[in-house]
Each structure stands twice: as C-alpha cells, then as structure tokens.
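In: Structure, please.
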Amino acid sequence: MGFFSSIPSVSAAEAAQKLREEGAVLVDVRSPDEFAEGHAQGASNCPLPVIDSCVDKLKNFNEVYVICQSGGRSSAAVSKLLLENVHAINVAGGTAAWRSHGLPVS
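Out: Numbering: from 1, shown residues only. As a prediction, the model looks like this:
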C-alpha cells in the first residue's frame, strides 16, 4: 500500500451523488488554465499551490470533494486540508474519471 492509501477517496460517480446532497462542495485544484479548458460541473477552482488560501472558506462545508486531472494533485490537497481540519475527500481518477462516467462538464 502506498502513500495515497491513507487518503479518503470516492469514485467520481460517488462524488457526483454526494454533491447532489446538501452541504458538500467540489474543489478543482488544477491550474486556472486547465480549469478553463473544462471541469466537473459545479466545481470551484482553488489551485493546489494556493490551497491554503481556501481553507477558511472550505471549513464552512460538511464535506469537501477535491478533484484534479487524474488524482495526484487532489490527493496532495486532501492531505493538506485534513491537517487544517477540513473534511476533505479525494475524487479518485479525477476529471478523467468524471468524464468517463459521463458526468456533466462545464
């Protein structure tokens, strides 16, 4: 088992279902340019290098689902957020998995 095995994760389909429930938010930690090229519908952008600047706002949500392109950056962001007592959960497979499940993209 690797480093990321200790990171709480859900599939893209599970994340999409949770986001329909009240109190959850989706944060895309890719660069603004990547985000602009297409992102999971409803996601907000907070790039990984500045994730610390989003902590106070994210503490207001029951669950924070974190997504990137394939799961590496979002796992790193979840690790940081958990240390700040944000209930963060990685979206395994990232935006690539989101698209492959046919979930809405903006």
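
In: How far does the longest helix seen in the chain sit from its chain's centre?
Out: Longest helix of the chain, by residue count under DSSP state H: helix 72-83. Its chain's C-alpha centre and that of helix 72-83 lie 9 Å apart, by Cα atoms, centre = their mean, to the nearest Å.

In: and that helix, which residues are buried?
Out: Applying a neighbour-count criterion of 16 or more other Cβ atoms under 10 Å, one finds R73, S74, S75, A76, A77, V78, S79, K80, L81, L82 buried in helix 72-83. Yep, even glycine has a C-beta here, placed from its N, CA and C like the rest.

In: Look at the third one and report its pLDDT.
Out: With respect to pLDDT, S75 has a value of 95.

In: That one contacts N90, correct?
Out: Yes - between S75 and N90 a contact is recorded at 5.1 Å, counting by Cβ atoms under 8 Å.

In: Partner strands of the helix or strand following the longest helix of the chain and their direction?
Out: Downstream of helix 72-83, the first helix or strand assigned by DSSP states H and E is strand 88-91. If you go by DSSP bridges, strand 88-91 pairs up with strand 9-10 (parallel), strand 63-67 (parallel).

In: Report the buried residues of the worst-scoring helix or strand of the chain on mean pLDDT.
Out: One helix or strand of the chain scores below all others by mean pLDDT, DSSP states H and E: helix 12-20, with a mean of 92. By neighbour count with 16+ other Cβ under 10 Å, helix 12-20 contains the buried residues A12, A15, A16, K18, L19.

In: Report the beta-bridge partners for the residue lying closest to the fourth one once chain neighbours are set aside.
Out: The shortest distance from K18 to any residue that is not its chain neighbour, by Cβ to Cβ, 6 or more residues apart in numbering, is 5.1 Å, and that residue is A24. For A24, the beta-bridge partners under DSSP bridges are E63.

In: give the contact list for A24.
Out: K18, F61, N62, E63, V64, Y65 (Cβ atoms under 8 Å, 6 or more residues apart in numbering).

In: Wait, the fifth one touches N90, no?
Out: It stands for V64. No - assessed by Cβ under 8 Å, V64 is found out of contact with N90, at 10.2 Å.
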